[in-house]
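**Student:** I would like to see how this sequence folds:
(chains A and B)
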Amino acid sequence: MSGRAFAVAAVVVIAGGLLVAGLGLNQYYYFAAYVVLQYVVLATAWNILGGYTGYVNFGTPAFFALGAYTAVVLIKWLKAPLLAQLVAGAVVAGLLGLAIGYLTLRLRGVFFSIATLALTVVLQTMFVNWEYTGGARGISLARPATAPFYGSYVQFVFAVMVILAVLAVATAWCIERSWIGRGFAAIRDNEEAAECMGVPTLRLKLLATTVSGMLMGLAGAPFPFYITFVEPASVFDLNYAVNSLAMPMIGGTTTWVGPVIGAVLLGSAQQIATVTISSELNLLLVGVILVAFVILAPEGIVGLVRRLSRRDPA
Amino acid sequence: MVGSRLVLRDVEAGYGAVRVLHGVSIDVNEGETVVLLGTNGNGKSTLIKCIMGIVRPERGEIALERDGERIDLIGRAPEDMVHLGITLVPEGRRLFPKLTVEENLMLGAFRAAARRDIAKNLDLCFEAFPVLRSRRRQLAGSMSGGEQQMLAIGRALMSTPAILLVDEPSVGLAPLLVSRVITTIRDLKERYHLTVLMAEQNFNQAVKIADRGYVIVHGQIAFEGRTEDLTEHELVKKYYLGL
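**Tutor:** Here you go, the predicted structure:
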């Protein structure tokens, strides 16, 4: 996709999203679509580190929750507006990404993944014990009395999430087409060779953890005003780790479009399953689909489509 | 291309408690092809890795002399070496197997100064290795060993190097291909006025293109001289190279 086509598509998606947000449909649709879009951001963010550089991160809940709790602190302390929450959530989670990069990137493969899993546990324990943000009981937050631009606050945060999703995907798109993206691919394929070729591997990996962390924090920052109640058990949910990893794997990890496809398909399927069958079924659903893809289409939907089109003589 | 000279003095290096190099001194003058001979486990690759900044020497000095300027190389990262014009064709090729031939070549030009010349260098690469042009969309890992070695050399050339380090180009190749790779290195060297330091254990092939050579035994230079001296020196062959 050329730069102009991508820019047009981005504008169309944002305009469409803002328009749909104004339609005033059944509130549940906005509520559900917000979650799907949130997963577009999380899956895209995960893919920048996990898909492009090949470092599998199980710490999505840590970054997401840090974004959410940064917003909680800003709401409670300063009654800060949503925009400030977004910026702060992204910055704080990005700094965590940078720090984690420094601490763990000497670890490779499965050891890096274990370290990120530990990060989630450590951070969750901290927030369980921090009274200011409600500790283990959680904290209830009041939204502003009136929503800006739209009839209800849910419609407003839905519109915000549309913009964030486009922003995240555009970030991934830019990375993919730059020398940074080439460097990431080199690290994924053969890190030692990348180093020999003059690719600044450490700096690029730090960039990947930082950008990935920022976007995850950005996904978490509007969460307090979306749900109006934040507790450690829900924002540190392992579901975030599993989903943000499964969605790019299902869609395809080497391009920006993979995580988007994965998040839209799997996210929607989960929302439908939650309503029609049960919310407990979600994780099982993800598990079964992921296993099927690992066996049948290890390169995801994007890889599958490519393979089929290559086989086609036309 | 700027005139560059590599100087190594009393380099000692190892891995943990194991000392591999015991005071190695070599020079690689501008425009020379110098070959580092020795059988497995004598320290050839370690020496190359020291120059490239992958292994850090414990003692000694490694410097690049360029336009009367002396640049200390110890303590610098491999990316700095590439910026200084020193590029490695690693042992065992170390390609990016799941990327295409063209993507591999592009990564050779990661150095900012080389990005300007991508189109030109890509043409030169395809001219030197026509097989790479016809396979540009193929995954590097799916090519034959000989083609992969060509790609590894082509990728190194993409960085517009002044000094080319080549570590054991003959490893894993059929004898006919070894000969072809070696002559290719000579042709490229002449065409691009490269300075080449090549580690190799295939004595007969290596001396075909070398101006000078060092024989390294147990981490020390056991013999050095011009190629003619090396070939005539039966003792070198007999005792140091086991031929």
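**Student:** pull up the residues of the stretch 51-200 of chain A that are close to chain B.
**Tutor:** Residues of the stretch 51-200 of chain A that fall close to chain B, judged by Cβ under 8 Å from any Cβ of the partner chain: A:179, A:182-183, A:185-186, A:189-190, A:192-200. Using the backbone N, CA and C atoms, a C-beta is placed for each residue, glycine as well.
**Student:** of those, keep whichever come out buried.
**Tutor:** A:179, A:182-183, A:185-186, A:189-190, A:193-200 (16 or more other Cβ atoms under 10 Å in any protein chain shown).
**Student:** report the secondary structure state of residue 159.
**Tutor:** Just so you know, I chose chain A. Following DSSP: H, G, I helix; E, B strand; the rest coil, residue A:159 is assigned to helix.
**Student:** burial count for residue 93?
**Tutor:** All of this refers to chain A. Neighbour count for residue A:93, taken as other Cβ atoms under 10 Å in any protein chain shown: 31.
**Student:** hmm, I had chain B in mind actually
**Tutor:** Residue B:93 - counted by other Cβ under 10 Å - has 23 other residues nearby.
**Student:** hang on, the earlier thing: specify which member of the residues of the stretch 51-200 of chain A next to chain B is nearest to chain B.
**Tutor:** residue A:198 (2.9 Å; Cβ to the nearest Cβ).
**Student:** which of the residues of the stretch 51-200 of chain A next to chain B sit farthest apart?
**Tutor:** A:179 and A:192 (19.3 Å; Cβ to Cβ).
**Student:** hmm, back to that, just the residues of the stretch 51-200 of chain A next to chain B: which are in helices?
**Tutor:** Within these, membership in helices is found for A:179, A:182, A:183, A:185, A:186, A:189, A:192, A:193, A:194, A:195, A:196, as judged by DSSP state H.
**Student:** and which of those residues is nearest residue A:130?
**Tutor:** Nearest to residue A:130, judged by Cβ to Cβ, of these is residue A:183 at 38.1 Å.
**Student:** ok, the closest one - contacts?
**Tutor:** A:194, A:199, A:200, A:201, A:204, B:107, B:110 (Cβ atoms under 8 Å, 6 or more residues apart in numbering or on different chains).
**Student:** same thing but at 6 Å, please
**Tutor:** Going by Cβ atoms under 6 Å, 6 or more residues apart in numbering or on different chains, residue A:183 touches A:199, A:204.
**Student:** what about it, distance to residue A:204?
**Tutor:** Taking Cβ to Cβ, to the nearest Å as the measure, residue A:183 falls 5 Å from residue A:204.
**Student:** do the same with residue A:214
**Tutor:** Taking Cβ to Cβ, one finds residue A:214 at 16 Å from residue A:204.
**Student:** how about residue B:194?
**Tutor:** 28 Å.
**Student:** any idea how far residue A:207 is from residue A:183?
**Tutor:** Remark: distance between residue A:207 and residue A:183 (Cβ to Cβ) = 9 Å.
**Student:** just residue B:150 next, same as before
**Tutor:** Taken as Cβ to Cβ, the span from residue B:150 to residue A:183 is 23 Å.
**Student:** for residue A:63, which non-adjacent residue is spatially closest?
**Tutor:** residue A:216 (3.5 Å; Cβ to Cβ, 6 or more residues apart in numbering or on different chains).
**Student:** my bad, should have said residue A:271
**Tutor:** Closest to residue A:271 by Cβ to Cβ, 6+ apart is residue A:32, at 4.4 Å.
**Student:** more neighbours: which of residue B:194 and residue A:204?
**Tutor:** When neighbours are counted by other Cβ under 10 Å, residue B:194 and residue A:204 differ, and residue B:194 comes out ahead with 23 against 20.
**Student:** confidence score at the more buried one?
**Tutor:** The model reports residue B:194 with a pLDDT of 92.
**Student:** list the residues that contact it.
**Tutor:** Listed by Cβ under 6 Å, 6+ apart, the contact set of residue B:194 reads residue B:164.
**Student:** in the helix or strand containing residue A:94, what's buried?
**Tutor:** Taking DSSP states H and E as the definition, one finds residue A:94 inside helix A:82-104. Buried residues in helix A:82-104, counted by 16+ other Cβ under 10 Å: A:82, A:85-94, A:96-98, A:100-101, A:104.
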